[in-house]
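Peer 1: I need the structure of the sequence given here:
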Amino acid sequence: MTTRKPASCGHEDYNPVKFVGAGPGDPDLITVKGQKALAGADLIIYAGSLVPEDLLTWKKDGARTMNSASMNLDEIVEHIHHSHKQNLRVVRLHTGDPSLYGAIYEQIRELEMLGIPWEVIPGVTAAFAAAAAMGMEYTLPEKTQTLILTRISGRTPVPEKESLELLAAHGCSMAIYLSISHVEKVEKILTRHYGKESLCAVAFKVSHPGEKIFFCRTSELSARVKEEKINRQAIIIAGKVVESAHSRGDAIKSKLYDAAFSHGFRNSPDF
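Peer 2: A predicted model of the protein is given here:
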């Protein structure tokens, strides 16, 4: 948890606005700290285009809720500012984890300009909920030890040095967000760098009632996505670990539980 307290705020009136990660969709996947924040809130402003209303079951009776899907930044900040001046407890509820494609930086900057304290409560992002659903480990020994979370350039551009083309060249595990509407471009890039026969996975609305996860060859990605009629709220996962999750084939064991490997908490028999 991150907390900032402007110097002008005395302890007695310290009432931070809480940016809470709702998790991927299942109300039970919110953190205990996030659940407590919702239960104590007088006003909850939630990202209704992505956060299921089922998350609001944790709110107390009489708490106000506002869907921010149609609001702009100024409107969101205005509602927060007005409520904070009344000493109301405000929660800004974001999908997944607020630090990833959450647009919290611009909100926090505005709050600091107004002298309003804030804190961030992390949440479970879709990439990790998808891995849990598949029983997949992103960092398999000697296959890959790196996970890239990224998106393809679209209406929101990405820095040139962070293009999907350049990142895919590493060949490591990759979770691609906000890119399903550009699936043809993604397919070409993944096919070029991972091979047309490599497996990838698509995770749609992970942990929601309508969750759908499927595996396919990278060369079949766009056709399969169209067949499944998926055009939003999905991530694409690529890398050697996807094959392992699909086939449960042999994998090199980690050193962590190797009986012949000594570390600070365990000596090997030959030590």
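Peer 1: going forward, measure contacts and count neighbours with C-alpha atoms only.
Peer 2: Noted.
Peer 1: strands along the stretch 1-150 of the chain, start to end?
Peer 2: For the stretch 1-150 of the chain, the strands defined by DSSP state E, counting those that start in this stretch occupy 2-4, 17-21, 43-46, 64-67, 90-94, 118-121, 147-151.
Peer 1: how about the closest residue to residue 134 other than its chain neighbours, what does it touch?
Peer 2: Nearest non-adjacent residue to residue 134, counting by Cα to Cα, 6 or more residues apart in numbering: residue 245, 6.5 Å away. The contact partners of residue 245, by Cα atoms under 8 Å, 6 or more residues apart in numbering, come to 134-137.
Peer 1: sitting in helices, which of the residues you listed do you find?
Peer 2: Among those, the members falling in helices (DSSP state H) are residue 134.
Peer 1: of the contacts of residue 245, which pair is most distant in space?
Peer 2: 134 and 137 (8.9 Å; Cα to Cα).
Peer 1: count of neighbours near the closest residue to residue 148 other than its chain neighbours?
Peer 2: Ranked by Cα to Cα, 6+ apart and with sequence neighbours excluded, the top spatial neighbour of residue 148 is residue 174, at 4.7 Å. By other Cα atoms under 10 Å, 27 other residues sit near residue 174.
Peer 1: give the contact list for residue 174.
Peer 2: 147-150, 168, 237-239.
Peer 1: out of these, who's nearest residue 96?
Peer 2: The nearest member of these to residue 96, counting by Cα to Cα, is residue 149 at 13.3 Å.
Peer 1: OK, contacts around the closest one?
Peer 2: Contacts of residue 149 (Cα under 8 Å, 6+ apart): 174-177.
Peer 1: which pair of the contacts of residue 174 spans the longest distance?
Peer 2: The widest separation within those (Cα to Cα) is 13.6 Å, between 150 and 239.
Peer 1: for these two, indicate the residue with more neighbours.
Peer 2: residue 239 (25 against 20).
Peer 1: turn the strands of the stretch 1-150 of the chain into CSV, including distance to residue 229.
Peer 2: CSV is the format used below for those (distance: least, Cα to Cα, whole Å):
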stretch, distance to residue 229
strand 2-4, 39
strand 17-21, 28
strand 43-46, 27
strand 64-67, 26
strand 90-94, 26
strand 118-121, 34
strand 147-151, 20
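Peer 1: mean pLDDT lowest where, among those?
Peer 2: Least confident of the strands of the stretch 1-150 of the chain, judged by mean pLDDT, is strand 2-4 with a mean of 53.
Peer 1: just give me the neighbour total for residue 147.
Peer 2: Residues near residue 147, counting by other Cα under 10 Å: 15.
Peer 1: same question, residue 145
Peer 2: 11.
Peer 1: quick one: the helices in the stretch 101-250 of the chain?
Peer 2: Under the criterion DSSP state H, counting those that start in this stretch, the stretch 101-250 of the chain contains helices at 104-113, 126-134, 164-168, 183-194, 221-227, 240-247.
Peer 1: possible to save those helices as JSON lines with distance to residue 53?
Peer 2: Output for these, formatted as JSON lines (distance: least, Cα to Cα, whole Å):
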{"stretch": "helix 104-113", "distance to residue 53": "20"}
{"stretch": "helix 126-134", "distance to residue 53": "17"}
{"stretch": "helix 164-168", "distance to residue 53": "33"}
{"stretch": "helix 183-194", "distance to residue 53": "28"}
{"stretch": "helix 221-227", "distance to residue 53": "26"}
{"stretch": "helix 240-247", "distance to residue 53": "32"}
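Peer 1: out of the ones you listed, name the one with the poorest average pLDDT.
Peer 2: helix 240-247 (a mean of 88).
Peer 1: domains in the chain, by residue range?
Peer 2: 2-121, 126-247 (automatic domain parsing).
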